[in-house]
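Visitor: Sharing a sequence plus its predicted fold:
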Amino acid sequence: MGKKNKQMKNAAPAPASVPAGPLLSRRGLKVIVAGVVTASLGFYLVTLTDPAGQNWASTLCPFVILGGYALIGVGIIIPDSEEKPPVQS
C-alpha cells in the first residue's frame, strides 16, 4: 500500500454539522399538534364503532387516523413561512 492509502485509512471521519436553528419550525410544530389532535379524534371514533363495522364511525375513523399521521409527517418537514416586508412605493 502507498502512503496515501494508509493516511486515508487512519484518518478520522469529519464530524457531522449541526443545524444552526431549531429542528422544527413554529409552523411545523402547530401542524404536528393538529395531527396529534386529529389522530386522537380518530382513535376516539374507534370507540363509537359497532361490532359489525357498519356505521358511520367505522367508515370514517381510518381516514381520520391516517390524516392525523399525514399531518404529523408534513409538520416534520414543513419550513417556517418567510414573511416578506411590505413594499413601499
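Guide: Thanks, I have it.
Visitor: Spatially, what comes nearest to residue 67 if we skip its sequence neighbours?
Guide: Nearest residue to residue 67, sequence neighbours excluded (CB to CB, 6 or more residues apart in numbering): residue 38, at 5.7 Å. Every C-beta, even on glycine, is put in place using the N, C-alpha and C of the backbone.
Visitor: cool, residue 61 as well?
Guide: Leaving aside its chain neighbours, residue 61 sits nearest to residue 45 (3.8 Å; criterion: CB to CB, 6+ apart).
Visitor: Let me know the pLDDT of the one you found.
Guide: Looking at residue 45, its pLDDT reads 95.
Visitor: and stretch 38-56, which residues are buried?
Guide: For stretch 38-56, burial by neighbour count (16 or more other CB atoms under 10 Å) applies to 38-39, 42, 45, 49.
Visitor: and which of those residues is nearest to residue 60?
Guide: residue 45 (6.1 Å; CB to CB).
Visitor: right, and the closest one touches residue 59 too?
Guide: No: the criterion here is CB atoms under 8 Å, and residue 45 misses it with residue 59 at 9.7 Å.
Visitor: which residues touch the closest residue to residue 69 other than its chain neighbours?
Guide: Distances taken as CB to CB, 6+ apart put residue 39 closest to residue 69, at 6.0 Å, once the chain neighbours are dropped. Contact analysis of residue 39 by CB atoms under 8 Å, 6 or more residues apart in numbering lists 64-65, 67-69, 72.
Visitor: In three-state terms, label residue 39 for me.
Guide: helix (DSSP: H, G, I helix; E, B strand; the rest coil).
Visitor: what's the distance between it and residue 33?
Guide: Going from residue 39 to residue 33 by CB to CB, to the nearest Å gives 11 Å.
Visitor: Okay, now the unreliable bits of this protein?
Guide: Along the chain, segments meeting pLDDT under 70 span 1-11, 18-19, 83-87, 89.
Visitor: those helices in it, which residues are they?
Guide: Counting by DSSP state H, the chain has these helices, from start to end: 3-10, 26-47, 56-77.
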